[in-house]
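[1] Fold the following for me, if possible:
(one chain, ligands or ions: 1)
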Amino acid sequence: MGNDLLQKTLEEVFEWFHRYPELPDEEVKTTDQIRTLLQNRNIEILDAPLNTGLVGIIRGKKAKPVVTIRCDIDALPIHEETTLDYKSCTDNKMHACGHDFHITSIIGAAYLLKEIEHELEGTVKLLFQPAEESSHGAEKVIASKVLEDVDAIFGLHVIPNIETGRIGVIAGNGTAAVDRFIIEVEGIGCHAAHPNEGIDPIVVSCQIVTALQTIISRNINPLDQALISVTSIHGGNTWNVIASSAQLEGTVRTLNHKTRDYLHKRMKDLSENIGKAFGAKITFQWFPGPPATNNDPAWVAFASDVARNQGLKVVTIIPTLAGEDFAYYQENIKGALISIGIGATYPLHNSRFAVDKGALIHSAKLFSALARHALIKLSTEI
Ligand code: NI
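    Residues are numbered from 1 along each chain as shown. Here you go, the predicted structure:
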């Protein structure tokens, strides 16, 4: 397929997905459209037990090795405020994180790979993953066992304010482990004029919030990166009653297992012991989310070489404490998450976010080349 035709095709595909955003686990029309687009080019769809999202497959000269290229497909509950002529057709739903770009890139890569399927040194699985924004999609895909034979995996995310024609790479941890916590503080309610007759959970909560911040500043190595944010406090409902309980909630972001485990334990210990000191009962709950992404240095170097051979510039990016559930795949499969420059725009998750459509062709060609060359590399290593 010539570049002009490919670019035109990709733009049409992209604009459709941008018009019809769907929230996590609701990507029914999105999945149908992906299926139609793949089947129109005779690309096989695997029979995977997924409610939304799907896995396509391109079979080369031999069954093994197997490489997966992965995109996410869900949108956000944001009301789009761009002036694009293909803006979202649904109020309060928008592809504001570029997942429409990701879908289009993997479809484009699939079209290019299909044209050369008889030359491929193995199998390519095309993973269209649901529910990235809710952090549960990757776990569903892993539970479906569809990736059990995969030798290497590559994912992508758009990155604003890096020029079109450039990609960003980082070896090791690129995004953070994302955990959520809830701390219940149970005191004893009483008349606000007689605080000595109760145990004030709001005073205890404030002590806990302040103490939690000392973990980052006093307990972890200053050269390590971590974050604790208490994002909500609820307690009490009027001015002259001391509440009987209060609740704190927030998030913890870390870049390695050791710090992650330490923060969990230290936060629990501090909260429980502060509660004990004040006579309040503490229930500490921890909800683990995705781990930190862990990009394999060898695959990052490989992807950088492939990109340069495609005429792309490669820049090294710094880690972010945002999360990405691609990290779940990397616990068992080596690979890399690549950032695709899309030019100057509003930030991700902003109601005016927009990509440069000119970057689509770079991304589609890059992911086609990554799959093709990773199969060659793996074949020579087996
Ligand atoms: Ni995203």
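[2] Report the mean confidence score over stretch 214-227.
    What stretch 214-227 shows for mean pLDDT is 96.
[3] Not counting its neighbours along the chain, what's nearest Asn3?
    Ile361 (6.5 Å; C-beta to C-beta, 6 or more residues apart in numbering). From N, CA and C alone the C-beta is placed, and that goes for glycine too.
[4] my guess is the one you found meets Gly108, correct?
    Yes - Ile361 is in contact with Gly108 according to C-beta atoms under 8 Å; the separation is 7.3 Å.
[5] where do the contact lists of these two overlap?
    6, 10 (C-beta atoms under 8 Å, 6 or more residues apart in numbering).
[6] Surely the residue nearest to Asn3 is in a strand?
    No - counting by DSSP: H, G, I helix; E, B strand; the rest coil, Ile361 is not found in a strand; it is helix.
[7] residues touching it, list them.
    So Ile361 contacts 3, 6-7, 10, 108 (C-beta under 8 Å, 6+ apart).
[8] how near is it to Tyr111?
    For Ile361, the distance to Tyr111 equals 12 Å [C-beta to C-beta, to the nearest Å].
[9] Touching both of these two, which residues are there?
    Common neighbours of Ile361 and Tyr111 (C-beta under 8 Å, 6+ apart) are Leu6.
[10] Now do the buried residues in stretch 310-321.
    Within stretch 310-321, the residues that qualify as buried are 312, 314-315, 320-321, counting by 16 or more other C-beta atoms under 10 Å.
[11] Likewise for stretch 59-66?
    Buried residues in stretch 59-66, counted by 16+ other C-beta under 10 Å: 60, 65-66.
[12] Which parts of the stretch 201-350 of the chain are strands?
    Using DSSP state E, counting those that start in this stretch, the strands of the stretch 201-350 of the chain run over residues 226-235, 241-242, 245-254, 281-288, 313-316, 335-341.
[13] among the ones you listed, which is the most enclosed?
    Sort the strands of the stretch 201-350 of the chain by mean neighbour count, taking mean count of other C-beta atoms under 10 Å, and strand 335-341 sits at the top with a mean of 25.
[14] list the helices and strands that one packs on?
    strand 152-159, strand 166-169, helix 297-309, helix 326-330, helix 360-381 (3 or more C-beta pairs under 8 Å, 6 or more residues apart in numbering; DSSP states H and E).
[15] Quick check: closest non-adjacent residue to the most centrally placed residue in the chain.
    Note on the chain: the residue nearest the mean C-alpha position is Glu324, at 2.3 Å, using C-alpha atoms, centre = their mean. Counting by C-beta to C-beta, 6+ apart, Glu324 lies nearest to Thr175, which is 4.3 Å off, once chain neighbours are set aside.
[16] so that neighbour touches Asn295, yeah?
    No - contact criterion C-beta under 8 Å: Thr175 and Asn295 do not qualify, at 9.7 Å.
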